[in-house]
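Student: mind looking at a prediction? Sequence and model below.
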Amino acid sequence: MFEFLARVFGRETTASKNVAKERLRLVLVHDRAGVSPQLMETLKNELIKVISNYLEIDEKALEVTLETNEDQVALVASIPVRGMKRVSRELVSGI
Amino acid sequence: MSEIIVVTSGKGGVGKTTTTANLGTGLASFGHKVVLVDADIGLRNLDVVMGLENRIVYDITDVTEGHCRLRQALIKDKRYEGLFLLPAAQTKDKTAVSPDQMKKLCADLAQEFEYVLIDCPAGIEQGFRNAIAGAQKAIVVTTPEVAAVRDADRVIGLLEAAELRNPALIINRIRPKMVRHGDMMGIEDIIDILAVDLLGVVPEDEQVVISTNRGEAVVCDERSRSGQAYRNIVRRIKGEAVPMMNLDDSGIFSRLRRIIGLR
């Protein structure tokens, strides 16, 4: 009954297709990542490359994972920082 | 120049076989020389959907094992000039044919036919590997359901890994009324998620069941919506630019047209 009323009053968010789409989106984030551990490795290496331009990081202790909460998938990266690079400090002060 | 196209989906029951039968029949009705290959070994179905089940003498494994010549195993559909079926074996399992044998078979068929359409089994194991081995292009069939779209996504990934780039999507059994009410994913929703090219959309239609019961292809039913949708897809495969059909038939004019049988 509530759903009917909600629909009558045009509350699109309760439409079941939106639920379906959202569930699909979440499950596919995992499926697509899960298909190839290579992808996570590539992502990790590129992250290292970009971050190393600005910070000195401990590459060996770096961890990158996908974590799922109830309705969200998050990319969680734990990156130990050893120090700022001189170049980046100059860049920042230059701005 | 011939085209070797595999029709696949991952999930079972979304309409691969029906789609293969209709696209093949449709292409033949436009005068093309077409062969349909049932790659679902052990679960032969394309023959009954085509209404050719009583005419099988040899099957695909008889060809690969050398029991007969390729020509002998092909069943000619007498209703359409240039339409042939190579049936699957019913009593063997998926390992009865190897990917290399499929490649050779497809290449041999391409010598003689303009279109080679391969009906892929459900799943992503050996049968799938065999079915895609000889193909140059892929069509992915899905329905507007979470499970079917998820499996389509997986299959698209596997196809691309196997160098079958840019598969084309057919969304089958869509119900325009439910989409309008927000209770079924629509064309945009699915394309948004899968990020592939859309080849066509086929509405849910009882006429498909009726035609299949009779062993006929709905593509030749001038009056049915699904037949129209399949004819459009056939023309797109031929390279014509055909606009997507307007599925929304809720308007007063469409309803009137339907009532007086004009469609």
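Tutor: Nice, thanks for sending it over.
Student: can you count the residues close to residue B:219?
Tutor: Residues within reach of residue B:219, counting by other CB atoms under 10 Å in any protein chain shown, total 28. C-beta: built from backbone N, CA, C; applies to glycine.
Student: ok, now residue A:67?
Tutor: 9.
Student: buried residues in the host helix or strand of it?
Tutor: Using DSSP states H and E, residue A:67 falls within strand A:63-68. Across strand A:63-68, burial judged by 16 or more other CB atoms under 10 Å in any protein chain shown covers residue A:64.
Student: how about the next helix-or-strand element following it and chain B, any contact?
Tutor: Once the chain leaves strand A:63-68, the next helix or strand it forms, by DSSP H and E, is strand A:73-78. No - applying CB under 8 Å from any CB of the partner chain, one finds strand A:73-78 separated from chain B by no less than 14.5 Å.
Student: what lines up beside strand A:73-78 in the sheet?
Tutor: Applying DSSP bridges, strand A:73-78 is found paired with strand A:63-68 (antiparallel).
Student: what is the burial count for the residue in chain B that chain A sits nearest to?
Tutor: Nearest residue of chain B to chain A (CB to the nearest CB) works out as residue B:182 at 2.9 Å. By other CB under 10 Å, the residues close to residue B:182 number 19.
Student: nearest residue to whichever residue of chain A sits closest to chain B in space, please, no chain neighbours.
Tutor: Per CB to the nearest CB, residue A:15 is where chain A lies closest to chain B, at 2.9 Å. Of all residues not flanking residue A:15 in the chain, residue B:182 sits nearest, at 2.9 Å (CB to CB, 6 or more residues apart in numbering or on different chains).
Student: contacting residues around the top helix by length along chain A?
Tutor: Scanning chain A for the helix with the most residues, using DSSP state H, yields helix A:16-35. Residues outside helix A:16-35 that contact it (CB atoms under 8 Å, 6 or more residues apart in numbering or on different chains): A:12, A:39-40, A:66, A:68, A:71-73, B:145-146, B:149-150, B:153-154, B:157, B:179, B:182-186, B:189, B:192-193.
Student: also compute the angle for it relative to strand A:73-78, please.
Tutor: Between the axes of helix A:16-35 and strand A:73-78, defined by axes from the mean of the first three to the mean of the last three CA atoms, to 10 degrees, the angle is 40 degrees.
Student: can I get helix A:16-35 as PDB, trimmed to CA atoms?
Tutor: Provided in PDB are the C-alpha atoms of helix A:16-35 (Å, rounded to 0.1, in the frame of the first residue of the first chain):
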ATOM      1  CA  SER A  16      12.300  -1.300  -7.800                       C
ATOM      2  CA  LYS A  17      14.400  -0.700 -10.900                       C
ATOM      3  CA  ASN A  18      16.500   1.700  -8.900                       C
ATOM      4  CA  VAL A  19      17.100  -0.900  -6.300                       C
ATOM      5  CA  ALA A  20      18.000  -3.400  -9.000                       C
ATOM      6  CA  LYS A  21      20.400  -1.000 -10.700                       C
ATOM      7  CA  GLU A  22      22.100   0.000  -7.400                       C
ATOM      8  CA  ARG A  23      22.500  -3.700  -6.400                       C
ATOM      9  CA  LEU A  24      23.900  -4.500  -9.800                       C
ATOM     10  CA  ARG A  25      26.300  -1.600  -9.600                       C
ATOM     11  CA  LEU A  26      27.700  -2.800  -6.300                       C
ATOM     12  CA  VAL A  27      28.000  -6.400  -7.200                       C
ATOM     13  CA  LEU A  28      29.700  -5.500 -10.400                       C
ATOM     14  CA  VAL A  29      32.400  -3.400  -8.700                       C
ATOM     15  CA  HIS A  30      33.300  -6.600  -6.900                       C
ATOM     16  CA  ASP A  31      32.900  -8.900  -9.900                       C
ATOM     17  CA  ARG A  32      35.000  -6.700 -12.100                       C
ATOM     18  CA  ALA A  33      37.700  -6.300  -9.500                       C
ATOM     19  CA  GLY A  34      37.500 -10.000  -8.500                       C
ATOM     20  CA  VAL A  35      37.900 -11.100 -12.100                       C
END
